[in-house]
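Chemist: Compute the structure for the input listed below.
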Amino acid sequence: MTLGQKQKLFAKNIAELIITAYSMGYEITLGDAYRDPRLHGEYGHKIGYGRGWSNHKVRLAIDLNLFKDGEYLTKTSDHKVLGEIWEGMHPENRWGGRFNDGNHYSMFHEGHQ
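Modeler: Numbering: from 1, shown residues only. Reported below is the predicted structural model:
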């Protein structure tokens with residue numbers, strides 16, 4: 001699968017996850033998605049916060065801010081149900097809760113999540 005094909009699939013899967021979250025009574029705002037290489041370095045190079053190999057840099061990761069009943073849910077465990085749904089949507093989907101970054105949703109790419 002090409003990078004472009006992955007990006008399109010990732011966007012479609014994120015849309016489906018957000019719709020699913022709303023159907024479960026959650027609300028979402030969008031956090032970090034694309035990280036511009038002028039500010040964060042090219043893929044593989046670290047400038048600023050985040051990792052050098054961040055999939056945010058190749059449009060294959062997003063941080064989702066989760067709310068329920070008006071409360072901002074900040075714990076990794078708050079995202080567990082959605083994270084497991086995300087992982088089940090495609091074999092290359094990765095949930096950050098597996099590495100202590102609960103609001104991170106990504107797609108595996110070139111050995112990185």
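
Chemist: now the chain, which segments are flagged as low pLDDT?
Modeler: Applying pLDDT under 70 to the chain picks out residues 39-53, 111-113.

Chemist: got the contact list for the nearest residue to residue 65 once chain neighbours are set aside?
Modeler: Leaving aside its sequence neighbours, residue 65 sits nearest to residue 29 (CB to CB, 6 or more residues apart in numbering; 4.4 Å). Every C-beta, even on glycine, is put in place using the N, C-alpha and C of the backbone. Listed by CB atoms under 8 Å, 6 or more residues apart in numbering, the contact set of residue 29 reads 64-65, 67.

Chemist: pull the longest strand from this protein.
Modeler: As assigned by DSSP state E, the longest strand anywhere in the chain is strand 61-68.

Chemist: next SSE after that strand?
Modeler: Counting by DSSP states H and E, the next helix or strand C-terminal to strand 61-68 is strand 71-73.

Chemist: Neighbouring strands of that next one in the sheet, and parallel or not?
Modeler: If you go by DSSP bridges, strand 71-73 pairs up with strand 61-68 (antiparallel).

Chemist: What residues of the partner strand count as buried?
Modeler: Within strand 61-68, the residues that count as buried by 16 or more other CB atoms under 10 Å are 61-64, 66.
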